[in-house]
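Engineer: Here is my input; please provide its structure:
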Amino acid sequence: MFDLPALLTWDVCYTGTVPCDSFSVTCLYTAEMEPVLRQAAGFTLMDGEAVLLRGIVDEYEIRQTEEGLSALVVGRGYAARLLDNEARAAAYQGATLEEIVRNHVTPYGIPCDKTASLSSGGEMYTVAAGSSQWKALEDFCRTYGDFAPSFDRFGRLWADKEKTEKTFEITDSSNVLSLVKREDHYGVLSEILVIDKTRNQTYSVRNEERIARGGQCRRVLYTPGQSTWAKMRYTGEYQIAKSKEDEISVEVTLAGGFLAFPGDVAVLRLARMGLAGTYRVVEARTRADGGGESITLTLREK
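Structural biologist: Purely as a prediction, here's the structure:
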């Protein structure tokens, strides 16, 4: 364990999923730090006794400028351990989520805080050659539980439906530095036609809300042979849901740092902009330099 000198700047982004959490920090540098940085693999950001982020070190730089000597350390959260490691091709008959976590997560030193009671039932679950350990886990959770696994800032996996950490309000009296609401319909699908070529079966999944508003954006998706109706329906519903994720978003920057994390719920009461509603934090990015701290939250409708 090596304690870096007091940080000069930091940029910490939490997503809880993929793309994974990331960090970039700078501090004063001395020659004694060079062998330490060369061997650094892990990183923990703390505020007193509170852990703000656990992650891995991807790169470092040491710099000499007219302002003096400094070191830059850059890395990602623990989801990177699963993204960076390739899974062996495998076929599970009647797999459970507990089994998937045991085979694809635990070997990489990642603790699991919560595991949903999930099973593929009588279906065969296949991990394709070339898949990452993350994909092996996420595809199982998406297919049989309709959720994406996530990580907290302590590096623990949450393999269950999203949990709500806390609820807070953003009002006209909050320290709002900037706010942008965006509604983008480009790429939002109105229909997915799922085709099993082997059995010559098709299944149509429609986004009725988008169709009612005049939207026309269809995709045709071919699945591996012997797909069940449930899996074909899930595949179509998943693609439509993914296309809608970024349709409505709010990006708000507040004075102060580390005020919220992914999974938190923000209640907007902004009379001047005519904005009100309940949103989930999907990304929280804290930056700090000589001018102080600020946090930018990306919110999506809950």
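
Engineer: Tabulate the CA atom coordinates of stretch 7-26 in CSV.
Structural biologist: This file holds the C-alpha atoms of stretch 7-26, laid out as CSV (Å, rounded to 0.1, in the frame of the first residue of the first chain):
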residue,chain,number,x,y,z
LEU,A,7,-4.2,15.3,-5.2
LEU,A,8,-4.0,18.4,-7.3
THR,A,9,-6.8,17.4,-9.7
TRP,A,10,-9.2,14.6,-10.1
ASP,A,11,-11.8,13.4,-12.6
VAL,A,12,-13.9,10.4,-11.4
CYS,A,13,-16.7,9.0,-13.5
TYR,A,14,-19.2,6.5,-12.1
THR,A,15,-21.5,4.5,-14.4
GLY,A,16,-21.9,1.3,-12.3
THR,A,17,-21.9,-0.7,-15.6
VAL,A,18,-20.3,-0.6,-19.0
PRO,A,19,-18.6,1.6,-20.1
CYS,A,20,-17.2,1.1,-16.6
ASP,A,21,-16.2,3.6,-13.9
SER,A,22,-13.1,5.5,-14.6
PHE,A,23,-10.7,7.9,-12.9
SER,A,24,-7.8,10.3,-13.7
VAL,A,25,-5.9,11.9,-10.9
THR,A,26,-2.7,14.1,-10.6
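
Engineer: can you give me the helices in the stretch 201-302 of the chain?
Structural biologist: 208-212, 229-244 (DSSP state H, counting those that start in this stretch).

Engineer: Tabulate these (TSV), appending mean neighbour count and mean pLDDT.
Structural biologist: Using the backbone N, CA and C atoms, a C-beta is placed for each residue, glycine as well. Formatted as TSV, the helices of the stretch 201-302 of the chain follow (neighbours: other C-beta atoms under 10 Å; pLDDT from 0 to 100):
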stretch	mean neighbour count	mean pLDDT
helix 208-212	12	85
helix 229-244	17	73
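
Engineer: Kindly reformat those helices as CSV containing distance to residue 63.
Structural biologist: Shown next, in CSV, are these (distance: least, C-beta to C-beta, whole Å):
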stretch, distance to residue 63
helix 208-212, 50
helix 229-244, 40
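
Engineer: Which one, of those helices, ends up nearest to residue 114?
Structural biologist: The closest of the helices of the stretch 201-302 of the chain to residue 114 is helix 229-244. By C-beta to C-beta, the value is 21.9 Å.

Engineer: pLDDT below threshold where in the stretch 51-200 of the chain?
Structural biologist: Across the stretch 51-200 of the chain, nothing is flagged by pLDDT under 70.

Engineer: I should have written the stretch 201-302 of the chain there, sorry.
Structural biologist: 224-234.

Engineer: quick one: the strands in it?
Structural biologist: For the stretch 201-302 of the chain, the strands defined by DSSP state E, counting those that start in this stretch cover 201-206, 218-223, 248-255, 265-270, 275-289, 292-301.

Engineer: mind checking which of these is nearest residue 162?
Structural biologist: Of all the strands of the stretch 201-302 of the chain, strand 275-289 comes closest under C-beta to C-beta, at 7.5 Å.
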